[in-house]
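[1] Mind folding the following:
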Amino acid sequence: MSARDIEYFTMRERQEREHAERSDDMTARRVHQEMAERYSARLRDIHVVGAPSAHA
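    Got it, this is the predicted structure:
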């Protein structure tokens, strides 16, 4: 994944968390939080895949 992908997922995670905080509707808040978690998971996956091996 490229640096642009990482920037995009980081930006979208932040935006979804902001939308969740501003939402008055509990269902919408939950969906925004779930989306933020999905972006966060993608970022964790990128870092795990890109991490140097302990056996190297």
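
[2] Where does the closest residue to A36 other than its chain neighbours sit: helix, strand or coil?
    Using CB to CB, 6 or more residues apart in numbering and skipping residues adjacent in sequence, the residue nearest A36 is E16, 3.8 Å away. No exception for glycine: its C-beta is placed from N, CA and C like everyone else's. When classified by DSSP: H, G, I helix; E, B strand; the rest coil, E16 comes out as helix.

[3] wait, E16 sits on R30?
    No. With contact defined as CB atoms under 8 Å, E16 does not count as touching R30 (11.3 Å).

[4] More neighbours: those two, which one.
    Legend: neighbour count by other CB atoms under 10 Å for E16 and R30, higher for E16 (20 against 12).

[5] got a list of what that one touches?
    32-33, 35-36, 39 (CB atoms under 8 Å, 6 or more residues apart in numbering).

[6] redo that, cut-off 6 Å
    32, 35-36 (CB atoms under 6 Å, 6 or more residues apart in numbering).

[7] and if you look at E13?
    Listed by CB under 6 Å, 6+ apart, the contact set of E13 reads 36, 39-40.

[8] In ChimeraX, how would I select the buried members of those residues?
    With 16 or more other CB atoms under 10 Å as the criterion, this ChimeraX line picks the buried residues out of the contacts of E13:
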select :36,39,40
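
[9] A3: which of the contacts of E13 is nearest?
    Y39 (15.8 Å; CB to CB).

[10] just to revisit the earlier point, output the contacts of E13 in JSON lines; the columns should cover secondary structure.
    Shown next, in JSON lines, are the contacts of E13 (three-state DSSP):
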{"residue": "A36", "secondary structure": "helix"}
{"residue": "Y39", "secondary structure": "helix"}
{"residue": "S40", "secondary structure": "helix"}
